[in-house]
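Engineer: Provide a 3D model corresponding to the input given below.
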Amino acid sequence: QVQLEESGGGLVQTGGSLRLSCAASERTFSMSAMGWFRQAPGKERELVASITWTAGDTYYAVSVKGRFAISRDIAKQTVQLQMNSLKPEDTAIYYCAASHQVLYTGNFDSWGQGTQVTVSS
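Structural biologist: This is a model prediction of the structure:
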């Protein structure tokens, strides 16, 4: 199972920016997609953004569309999440995830440990 390691979380003021990065520990040719989830206290984990590994097709939750951008670097086996115009409601633990579905349908099977993002008002 691929190991995923996140970095880049932290504390930022409303309107600020953060860039999260996730590195995969193994060759990614078997991955079909990677994504970023988040979980705020008392809430369910939600998919924030995803990207298919080969084609680079992206998906964004309505709440972050236009503010967040997901990208991947195939050579470095990393995926990034650029977060701009951050709001207090973006405060959560952010998790990197990978899918190994032969035909990607939105299911993820590997998870990182998470990185805290806190947006102060």
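Engineer: Arg67 touches Glu89, doesn't it?
Structural biologist: No - under the criterion of Cβ atoms under 8 Å, Arg67 makes no contact with Glu89, lying 11.4 Å away. (Each C-beta comes from the backbone N, C-alpha and C, glycine too.)
Engineer: what about those two, which has more around it?
Structural biologist: Higher neighbour count among Arg67 and Glu89: Arg67, with 15 against 11, using other Cβ atoms under 10 Å.
Engineer: Identify the residues contacting the more buried one.
Structural biologist: Met83, Asn84, Ser85, Leu86 (Cβ atoms under 8 Å, 6 or more residues apart in numbering).
Engineer: Keep only those of the residues you listed that are in helices.
Structural biologist: Of the positions in the contacts of Arg67, not one sits in helices, assigned by DSSP state H.
Engineer: List the contacts of the spatially most central residue of the chain.
Structural biologist: Central residue of the chain (Cα atoms, centre = their mean): Trp36, 2.1 Å from the mean position. With contact taken as Cβ under 8 Å, 6+ apart, Trp36 is in contact with 20, 22, 47-50, 70, 79, 81, 94-97.
Engineer: quick one: it from Ala97, how far?
Structural biologist: Here the criterion is Cβ to Cβ, to the nearest Å. By it, Trp36 lies 7 Å from Ala97.
Engineer: With Leu4 instead?
Structural biologist: 7 Å.
Engineer: circling back to that earlier point, show me just the buried residues among the contacts of Arg67.
Structural biologist: For those, a burial check counting by 16 or more other Cβ atoms under 10 Å picks out Met83, Leu86.
Engineer: Strands - which of the contacts of Arg67 land there?
Structural biologist: Among the contacts of Arg67, the members falling in strands (DSSP state E) are Met83.
Engineer: what about the helices in this structure?
Structural biologist: Using DSSP H, helices in the chain do not occur.
Engineer: So Leu20 is in contact with Thr78, correct?
Structural biologist: No - the pair Leu20 and Thr78 fails to qualify as a contact (Cβ under 8 Å) at a distance of 10.4 Å.
Engineer: Alright, that wraps it up for me.
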